[in-house]
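Participant: Dropping the sequence and predicted coords here.
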Amino acid sequence: MARLLPACVLLAGTCAALLCLTALRASAPPAFLSSAAAGRREALQAAAAAAATLGSQAALADFQGEPVTCMKRYGPAIIKLQSAVDSGDMKAVLAKENKFKMLNTYWRNQPKDFAAQTELSEDLLDAAADGETAKVKTLYAKYMEKSELKSFANLPPARQYHMTNRDASMGSR
């Protein structure tokens with residue numbers, strides 16, 4: 001940004017100087033026709049357009065709160081599946097298919113982790129559909145080995161008193 005602003009000012013000054021030189025060199029306009037030479041307003045507009053074009057930065061359109069929201073919203077449901085996996089309740093595991101898919105988006109910005117967790121969850125759900133409880137237990141244990149899931153599972157419950165955000169609204173109590 002420090003190098004860009006002087007370049008914009010230099011470009012705007014050059015544009016204004018060229019407009020003034022052409023205005024001095026041009027002959028008087030005929031009656032009832034608009035002036036061919038640009039005035040101060042046009043010079044200022046050209047400078048503003050140059051500054052707006054060259055001085056803007058691309059927006060960083062990556063909301064860094066999405067992974068945390070995914071973990072807060074879908075993590076508890078997957079963590080609570082431990083008892084269903086241990087008891088062999090495959091219907092409960094299959095009922096959480098969408099939760100697995102949505103929790104996998106926590107790792108969306110880390111392609112290797114995203115691919116690994118997606119593959120684990122798909123294999124886990126396939127094994128649950130086939131009724132292979134032993135395989136589901138091992139795949140669930142592998143899925144839960146991620147450090148993010150382990151640390152999230154060990155966090156104390158958050159206080160939601162006097163919180164004003166959508167995750168702590170009255171609908172989630």
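Facilitator: Structure received.

Participant: Return the set of buried residues in the helix ranked longest in the chain.
Facilitator: In the chain, with assignment by DSSP state H, the single longest helix is helix 4-25. Residues of helix 4-25 classed as buried: 8, 11-12, 15-16, 19, 23 (neighbour count, 16 or more other Cβ atoms under 10 Å). In short, each C-beta sits where N, CA and C put it, glycine included.

Participant: ok, of those residues, which one's closest to Glu145?
Facilitator: Compare each of the buried residues of helix 4-25 with Glu145 using Cβ to Cβ and the shortest gap goes to Cys8, at 52.2 Å.

Participant: Spatially nearest residue to that closest one (excluding sequence neighbours)?
Facilitator: With Cβ to Cβ, 6 or more residues apart in numbering as the criterion, Cys8 has its nearest non-adjacent residue at 4.6 Å, and that residue is Ala51.

Participant: Tell me, what's the model's pLDDT at that neighbour?
Facilitator: The predicted structure scores Ala51 at 78 on the pLDDT scale.

Participant: ditto for Ala23
Facilitator: So Ala23 comes in at 68 (pLDDT).

Participant: Packing partners of whichever strand or helix holds Val85?
Facilitator: Here Val85 is covered by helix 82-87, with elements defined by DSSP states H and E. Packed against helix 82-87, as judged by 3 or more Cβ pairs under 8 Å, 6 or more residues apart in numbering; DSSP states H and E, are the following elements: helix 90-95, helix 133-143.

Participant: just to revisit the earlier point, send over the one helix or strand the residue nearest to Cys8 maps to as PDB, restricted to the C-alpha atoms.
Facilitator: Secondary-structure assignment from DSSP H and E places Ala51 in helix 40-55. Backbone C-alpha positions of helix 40-55 (Å, rounded to 0.1, in the frame of the first residue of the first chain) are rendered in PDB as follows:
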ATOM      1  CA  ARG A  40     -11.100  20.600 -13.600                       C
ATOM      2  CA  ARG A  41     -14.100  18.300 -13.000                       C
ATOM      3  CA  GLU A  42     -13.000  15.800 -15.600                       C
ATOM      4  CA  ALA A  43      -9.400  15.900 -14.400                       C
ATOM      5  CA  LEU A  44     -10.600  15.200 -10.800                       C
ATOM      6  CA  GLN A  45     -12.900  12.400 -12.100                       C
ATOM      7  CA  ALA A  46     -10.000  10.800 -14.000                       C
ATOM      8  CA  ALA A  47      -7.700  11.000 -10.900                       C
ATOM      9  CA  ALA A  48     -10.400   9.500  -8.800                       C
ATOM     10  CA  ALA A  49     -11.000   6.700 -11.300                       C
ATOM     11  CA  ALA A  50      -7.200   6.000 -11.400                       C
ATOM     12  CA  ALA A  51      -7.000   5.900  -7.600                       C
ATOM     13  CA  ALA A  52     -10.000   3.600  -7.300                       C
ATOM     14  CA  THR A  53      -8.800   1.200 -10.000                       C
ATOM     15  CA  LEU A  54      -5.100   1.000  -8.900                       C
ATOM     16  CA  GLY A  55      -5.600   1.700  -5.200                       C
END
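
Participant: Right, I'll leave it there.
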